[in-house]
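Colleague: After the sequence you'll find the predicted model.
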Amino acid sequence: MKFVDVVVPVYGGLEETKECILSALDTIDPKVGQLIVINDCSPEPELVAWLKQAAEQHKFQLLHNEQ
């Protein structure tokens, strides 16, 4: 069996980001892969807050770049 992780870099666009991440979560089988989201130092506090809440709720890996 092959394992595949899906990596989504995020910078801006709260609604587009929500749609992308929720769609990915609906299609990724946790037995064969995981979702990894990278906050690329987003200047949007609402987006960062949503990412933190969604990562906790949906159990995906969230990484934060400082620059």
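Modeller: Thanks, I have the structure now.
Colleague: confidence score at residue 44?
Modeller: Residue 44 is assigned a pLDDT of 98 by the prediction.
Colleague: Skipping adjacent residues, who's closest to it in space?
Modeller: Excluding the flanking residues, the one nearest residue 44 by C-beta to C-beta, 6 or more residues apart in numbering is residue 12, at 5.6 Å. For every residue, glycine as well, the C-beta is placed using N, CA and C.
Colleague: what's the distance between that neighbour and residue 48?
Modeller: According to C-beta to C-beta, to the nearest Å, residue 12 and residue 48 sit 11 Å apart.
Colleague: so how many other residues sit close to residue 34?
Modeller: Neighbour count for residue 34, taken as other C-beta atoms under 10 Å: 15.
Colleague: Next: residue 47.
Modeller: 20.
Colleague: where are the low-confidence patches of this structure?
Modeller: Judged by pLDDT under 70, the chain has no weakly predicted residues.
Colleague: quick one: the helices in it?
Modeller: For the chain, the helices defined by DSSP state H occupy 14-27, 45-58.
Colleague: higher neighbour count, residue 12 and residue 48?
Modeller: residue 48 (17 against 11).
Colleague: Run through the bridge partners of the residue nearest to the spatial centre of the chain.
Modeller: In the chain, the centroid-proximal residue (C-alpha atoms, centre = their mean) is residue 37; its distance is 3.3 Å. With DSSP bridges applied, residue 37 shows beta-bridge pairing to residue 8, residue 62.
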